[in-house]
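> One predicted model, sequence on top.
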Amino acid sequence: MASTERDEGKETDSNAQFQATIDEEGRTICQTCKHEMCVNPSDPQQHMASNAHDSTTESSGSQTDEENRVSEDCGLANTIFKKTEASLTACSTKKNEEEVDQAVVTNGPSASPVPFRFSSSPTLEEIRSLQSAFAAERGWGKYHQPRNLLLALVGEVGELAELFQWREEAPEGLPGWTTLEREDLSDELSDVLIYLVALANKCHVDLPTAALRKIEKNRLKYPAKRVYGSSKKYTEYQE
């Protein structure tokens with residue numbers, strides 16, 4: 001009799017871990033470890049006794065909010081990386097199939113009917129997640145504070161400037177630059193972008209939204225009909 005009461009109590013406790021509401025597909029979710037399953041009288045008891053529930057519960061109970069955020073970034077980073085890799089592979093295949101001329105793709109000196117465009121992925125948010133996960137995995141969070149990130153950004157801009165130093169002005173597309181020079185340019189530009197995004201992240205600045213807002217401010221400062229073809233500062237146009 002006592003054994004039966006204990007079993008009934010265990011069943012009640014396990015069932016209490018699951019949502020009372022059931023969706024249209026007849027599935028429910030464990031409130032402790034968020035495990036989802038089809039509704040079946042034996043499912044809650046089997047899940048509560050499983051290693052999956054115990055290990056998930058232990059890990060979730062010991063994680064801080066910061067660790068949870070880092071874990072989310074790392075998980076999202078893996079997803080983004082795989083998605084981006086697949087996107088780049090598809091893009092490369094398409095270019096090979098269409099045999100797009102490099103001068104056209106980069107808007108070189110030739111009159112190009114195809115304007116240069118960035119790829120649609122990754123987004124700035126995806127880059128933020130990738131970089132956050134990269135730094136977290138190496139324990140660099142204590143170093144990646146606003147002041148240090150700003151100085152690192154300035155340093156990378158200096159390295160970028162060195163690639164153009166003592167060279168003649170080049171038209172759009174940089175015709176005449178070697179493959180190695182272009183690769184160095186891509187690396188330095190990427191470093192600048194990564195540090196900029198990391199700095200915005202630490203300062204809690206929504207960079208995409210801020211950029212749109214800034215473009216709108218510039219539109220008002222520089223009315224197209226009034227400043228077309230001129231490089232004067234907006235203060236020179238104010239009455």
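Cool, got the structure. Numbering: from 1, shown residues only.
> I figured residue 195 hits residue 146, correct?
No. Applying CB atoms under 8 Å as the test, residue 195 and residue 146 come out as separate, 11.2 Å apart. Bear in mind the C-beta positions are built from the backbone N, C-alpha and C, glycine included.
> These two: which has the busier surroundings?
residue 195 (22 against 13; other CB atoms under 10 Å).
> Find me the pLDDT at the spatially closest residue to residue 207 that is not a sequence neighbour, would you?
Excluding its sequence neighbours, the residue lying closest to residue 207 (CB to CB, 6 or more residues apart in numbering) is residue 200, at 4.3 Å. pLDDT for residue 200: 98.
> How about residue 171?
89.
> Which of the helices or strands spans it?
Take DSSP states H and E as the rule and residue 171 turns out to sit in neither a helix nor a strand.
> same question, residue 192
Using DSSP H and E, residue 192 falls in helix 179-202.
> for the very next helix or strand once past that helix, packing partners?
Of the helices and strands lying after helix 179-202 in sequence (DSSP H and E), the nearest is helix 207-221. Where contact means 3 or more CB pairs under 8 Å, 6 or more residues apart in numbering; DSSP states H and E, helix 207-221 is packed against helix 124-137, helix 179-202.
> What average pLDDT does helix 207-221 get?
Per-residue pLDDT over helix 207-221 has a mean of 96.
> show me where the protein has strands.
In chain order, the chain shows strands spanning 27-29, 36-38, with DSSP state E as the criterion.
> what is the mean pLDDT for the first one?
Just to be clear, that refers to strand 27-29. 56.
> same deal with the last one?
For strand 36-38, mean pLDDT rounds to 53.
> if we can go back for a sec, quick one: list the elements packing against the helix holding residue 192.
Using 3+ CB pairs under 8 Å, 6+ apart, helix 179-202 sits against helix 124-137, helix 146-164, helix 207-221.
> That one vs helix 124-137, what angle?
For helix 179-202 against helix 124-137, the angle by axes from the mean of the first three to the mean of the last three CA atoms, to 10 degrees is 90 degrees.
> Thank you kindly, that will do.
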